[in-house]
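Enquirer: Next one to model:
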Amino acid sequence: MDKNIAGKTISVNEEGFMTDFNQWDKEIGAALAKEADIDLSPRHLEVINYLQSEYKNESPLSIRKIGKSGVVDIKEFYQLFPTAPLKTSSKIAGIPKPASCI
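Expert: Now for the predicted structure:
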């Protein structure tokens, strides 16, 4: 399924998660964040970069793992991404929904 965002066409699944990570760029990330009522800050981008590197390393993501990462603690993670933090941050990062998300 295709979606037009930030003036570009991206491939997404039925839940709106990107299906081709190579299509992601910062403009698309910012537009996806805006859809989730989030204004991306440098701090958000640090977390997004961490999620993307874990995805590239085929490392499964969970809230616990992110809390232990040293990148962000769980409290701040929830402040940065208030609604469904792992699901929302993964969508903004252009990676598939983590298996640990409902």
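Enquirer: Angles on the backbone of the residue nearest the centre of the chain, please.
Expert: Nearest to the mean C-alpha position of the chain, counting by CA atoms, centre = their mean, stands S90 at 2.6 Å. In terms of degrees, to the nearest 10, the main-chain angles of S90 are phi -70, psi -40.
Enquirer: Report the contact partners of it.
Expert: 17, 51, 61, 96-98, 101 (CB atoms under 8 Å, 6 or more residues apart in numbering). Bear in mind the C-beta positions are built from the backbone N, C-alpha and C, glycine included.
Enquirer: Give me the distance between it and I63.
Expert: Distance, S90 to I63, by CB to CB, to the nearest Å: 11 Å.
Enquirer: can you check N22 too?
Expert: 27 Å.
Enquirer: Please say which of the two ends up with more neighbours.
Expert: I63 (15 against 8; other CB atoms under 10 Å).
Enquirer: tell me the SS of the nearest residue to S62 once chain neighbours are set aside?
Expert: Spatially, and ignoring its direct neighbours in sequence, S62 is nearest to S100 (4.4 Å; CB to CB, 6 or more residues apart in numbering). Using DSSP: H, G, I helix; E, B strand; the rest coil, the structure places S100 in coil.
Enquirer: count of residues packed around S100?
Expert: Neighbourhood size, S100 [other CB under 10 Å]: 13.
Enquirer: and what of S53?
Expert: 12.
Enquirer: and what of E54?
Expert: 19.
Enquirer: Might one say that it is in contact with I48?
Expert: No - E54 is beyond contact range of I48, at 10.9 Å (criterion: CB atoms under 8 Å).
Enquirer: Just the buried residues of the contacts of S90.
Expert: By neighbour count, with 16 or more other CB atoms under 10 Å, the contacts of S90 hold 17, 51, 61, 96-98, 101 as buried.
Enquirer: got those residues as JSON lines, with secondary structure columns?
Expert: Formatted as JSON lines, those follow (three-state DSSP):
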{"residue": "F17", "secondary structure": "coil"}
{"residue": "L51", "secondary structure": "helix"}
{"residue": "L61", "secondary structure": "coil"}
{"residue": "P96", "secondary structure": "coil"}
{"residue": "K97", "secondary structure": "coil"}
{"residue": "P98", "secondary structure": "coil"}
{"residue": "C101", "secondary structure": "coil"}
